[in-house]
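> I would like the atomic coordinates for the input below:
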Amino acid sequence: MINNAIASLVEYAVQNGLISEDDRIYSVNALLERMKLDSFTAPEAMEIRPVNELLDILTDDAAARGLCEDDSTGRDLFDTALMSCLTPRPSEVRRQFGALLAQDPKKATDWYYAMSGATNYIRWNRIRKNMVWKAPTEYGDLDITINLTKPEKATTSLAAMKAAKEAPKSDYPKCLLCKENEGYAGRINHPARQNHRPVPIVLDGEDWFLQYSPYVYYNEHCIAFSGSHTPMVIDDRAIRQLLDFVTIFPHYFMGSNADLPIVGGSIFTHAHFQGGCHTFAMAKAPIETPLVFRGFEDVTAGIVRWPMSVIRLRAADKAQVARLAAKILRIWRGYTDESACIFAQTDGIPHNTVTPIARRNGADYEMDLALRNNLTTEDLPLGVYHPHPELHHIKKENIGLIEVMGLAVLPPRLKRELARVAELLISGGDLYADELTEKHADWATELKTRYSFTAENVDGILRSEVGAAFSKVLEHAGVYKRTPAGKEAFLRFVEAVNR
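Below is the predicted model of the structure:
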């Protein structure tokens with residue numbers, strides 16, 4: 001079986017263009033070295049299986065012989081080491097990507113995306129387990145995903161957890177986004193990246209890199225990251241860099257998490273953006289209130305019909321879009337409107353920033369600026385413009401770039417919890433008495449006043465109502481509420497920009 005798995009894995013690499021026919025014997029021997037085996041007999045017929053199954057066979061054998069820990073971390077470190085034997089060198093990847101980019105940006109990204117999956121850097125077998133659906137709302141069809149991609153911590157053995165706790169601290173690589181991750185073997189507290197091959201790009205004269213997210217929340221979910229380990233900052237240059245990216249790759253959008261806690265992402269220590277080839281509900285949302293910015297009359301602008309507070313700019317002149325976006329950002333950073341509960345800072349702590357998203361619309365450049373504020377109060381210690389407590393049973397985490405655009409990345413716990421809610425809604429059981437459903441009980445009890453649940457309709461109703469809850473999450477995150485008073489306050493900010 002091991003000989004067959006090795007031969008099949010090498011055949012897979014040949015068929016997917018990771019290695020050439022000339023590399024076959026060399027690659028077999030490289031895998032033998034990783035497996036600590038010293039002989040190989042080529043099978044008469046190979047049993048072709050998906051790459052994850054072949055890797056599982058080899059990793060099972062390695063774990064049984066004590067070559068790796070038999071837990072999620074140890075297995076991931078080992079099977080990535082196996083794939084490193086079949087992954088092209090960085091120079092080969094960059095040469096091929098560069099040649100395709102010179103012909104057609106889409107050809108380049110198509111090839112690079114396929115290569116990232118073929119090397120198992122994108123673990124498709126896990127990603128396909130995610131629950132994904134669309135939920136119709138007044139703002140369009142929102143994307144909902146219960147993300148099961150990352151292995152649950154509970155699968156890690158006690159020995160592995162002890163080893164992680166005792167593992168020596170290392171600042172190499174400094175973070176998960178640093179270019180030094182390329183080819184890194186990983187350790188108990190840092191993922192293996194031997195099959196990681198970022199490609200260089202230049203944004204506003206600065207060296208950056210492009211890679212795909214190993215967790216792929218949406219089609220061709222990519223990350224652009226700075227070649228230097230520098231903190232995230234949303235400023236004039238970041239705006240120019242976003243627009244430069246969509247100049248190079250006009251079929252992709254590119255955006256950034258905000259650069260402040262609560263309203264930002266999870267990695268503030270390294271400048272990076274996220275993009276891809278997906279049209280989110282926010283991109284489809286129309287302008288509901290046209291705006292004119294003095295001195296930028298050639299830029300079409302307006303407030304987007306969206307639960308969050310978004311200004312859209314559009315023009316063929318990239319520099320004009322960049323200048324106006326930078327001006328709006330600069331004014332917003334220092335803007336206070338106490339009557340609307342917006343404070344630029346309190347006790348010297350800044351609160352205002354933006355979540356910017358750039359895309360191409362035909363020949364035009366389009367940029368959405370979602371206004372963000374991370375003010376907290378005693379009543380709302382997690383954030384005034386953050387999901388409020390009554391929605392924490394669905395979404396408690398920060399609202400970052402992906403959520404802003406209309407994709408809910410919901411926690412894995414919801415798979416089990418919603419399934420149990422469905423059971424009790426059908427059976428009439430006590431939602432408050434069950435550990436899995438207690439947090440959802442008020443919500444589900446209210447749903448019973450509007451629906452008659454059956455085994456046939458319960459899942460569809462719950463998915464639709466999760467989407468409705470997510471649209472409320474986004475409304476909570478909007479700094480200007482969709483009310484007459486909120487609209488007036490929003491227009492006061494626009495006047496401040498024009499002044």
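
> measure how buried the nearest residue to Leu203 once chain neighbours are set aside is and give me the count.
Excluding the flanking residues, the one nearest Leu203 by Cβ to Cβ, 6 or more residues apart in numbering is Gln241, at 3.9 Å. To be clear about C-beta, it is placed using only N, CA and C from the backbone, and glycine gets the same treatment. Residues near Gln241, counting by other Cβ atoms under 10 Å, number 25.

> quick check: pLDDT value at Phe490.
pLDDT for Phe490: 98.

> can you check Asp76 too?
96.

> so the residue nearest to Leu203, which of the three states?
helix (DSSP: H, G, I helix; E, B strand; the rest coil).

> and stretch 21-32, what's buried?
23-24, 27-28, 30-32 (16 or more other Cβ atoms under 10 Å).

> now do stretch 77-92
Using 16+ other Cβ under 10 Å as the test for burial, stretch 77-92 gives 77-88.

> next one: stretch 425-444
Applying a neighbour-count criterion of 16+ other Cβ under 10 Å, one finds 425, 431, 434, 436-437, 439-441, 443-444 buried in stretch 425-444.

> ditto for stretch 403-422
For stretch 403-422, by 16+ other Cβ under 10 Å, it's 403-410, 412, 414-415, 417-418, 420-422.

> rewinding a little: pull the most distant pair out of the buried residues of stretch 425-444.
Leu425 and Lys439 (15.0 Å; Cβ to Cβ).

> of the buried residues of stretch 403-422, which belong to strands?
Residues of these located in strands (DSSP state E): 407-410.

> now render these as a markdown table, adding pLDDT and distance to His196.
What follows is those, written out as a markdown table (pLDDT from 0 to 100; distance: Cβ to Cβ, whole Å):
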| residue | pLDDT | distance to His196 |
| --- | --- | --- |
| Leu407 | 97 | 24 |
| Ala408 | 97 | 28 |
| Val409 | 94 | 22 |
| Leu410 | 95 | 27 |
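
> neighbours of Asp104, how many?
Here the number of neighbours of Asp104 (other Cβ under 10 Å) works out to 11.

> ok, now Glu33?
11.

> could I get the phi/psi values of the residue lying closest to Leu18 once chain neighbours are set aside?
Closest residue to Leu18 apart from its sequence neighbours, by Cβ to Cβ, 6+ apart: Leu86 at 5.0 Å. Main-chain dihedrals, Leu86, degrees, to the nearest 10: phi -120, psi 0.

> and the pLDDT for Leu86?
According to the model, Leu86 scores 98 on pLDDT.

> circling back: contacting residues around the residue nearest to Leu203?
203-204, 206, 208, 273 (Cβ atoms under 8 Å, 6 or more residues apart in numbering).

> mind putting those residues in JSON lines, secondary structure included?
Formatted as JSON lines, the contacts of Gln241 follow (three-state DSSP):
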{"residue": "Leu203", "secondary structure": "strand"}
{"residue": "Asp204", "secondary structure": "coil"}
{"residue": "Glu206", "secondary structure": "strand"}
{"residue": "Trp208", "secondary structure": "strand"}
{"residue": "Phe273", "secondary structure": "strand"}
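
> for those, which single residue is the most surrounded?
Phe273 (26 neighbours).

> pretty sure that residue sits against Ser256.
Yes - Phe273 is within contact range of Ser256, at 4.8 Å (criterion: Cβ atoms under 8 Å).

> mind listing the shared neighbours of these two?
Common contact partners of Phe273 and Ser256 (Cβ under 8 Å, 6+ apart): Leu242.

> ok so Thr145 is a helix residue?
No - counting by three-state DSSP, Thr145 falls outside a helix, being strand.

> what number of residues lie near it?
Thr145 has 18 nearby residues by other Cβ under 10 Å.

> for it, give me its contacts.
130-132, 217, 407-410.

> longest helix in this protein, by residue count?
helix 458-477 (DSSP state H).

> could you check how far the spatially most central residue of the chain is from Glu403?
The chain has Tyr217 as the residue nearest its centroid, 5.3 Å off, counting by Cα atoms, centre = their mean. From Tyr217 across to Glu403, the span is 10 Å (Cβ to Cβ, to the nearest Å).

> quick one: Ile122 from His392, how far?
Taking Cβ to Cβ as the measure, Ile122 falls 31 Å from His392.

> cool, Asp459 as well?
22 Å.

> so which bits of stretch 456-472 are buried?
458, 461-462, 464-467, 469-472.

> ok, so of those, who is nearest Cys175?
Closest approach between the buried residues of stretch 456-472 and Cys175, by Cβ to Cβ: Phe470, at 29.3 Å.

> what's near enough to touch the closest one?
Counting by Cβ under 8 Å, 6+ apart, Phe470 has contacts 135, 142, 144, 394-395, 403, 408, 410.

> what pLDDT does it get?
At Phe470, pLDDT is 98.

> isn't Phe453 right up against Glu423?
No - Phe453 lies out of contact with Glu423 (Cβ under 8 Å); the separation is 10.3 Å.

> so the two - more neighbours on which side?
Taking other Cβ under 10 Å, Phe453 and Glu423 do not tie; Phe453 has more neighbours (20 against 15).

> got the buried residues for whichever helix or strand comes after the longest helix of the chain?
Per DSSP states H and E, the first helix or strand lying C-terminal to helix 458-477 is helix 484-498. Across helix 484-498, burial judged by 16+ other Cβ under 10 Å covers 489-490, 493-494, 497.
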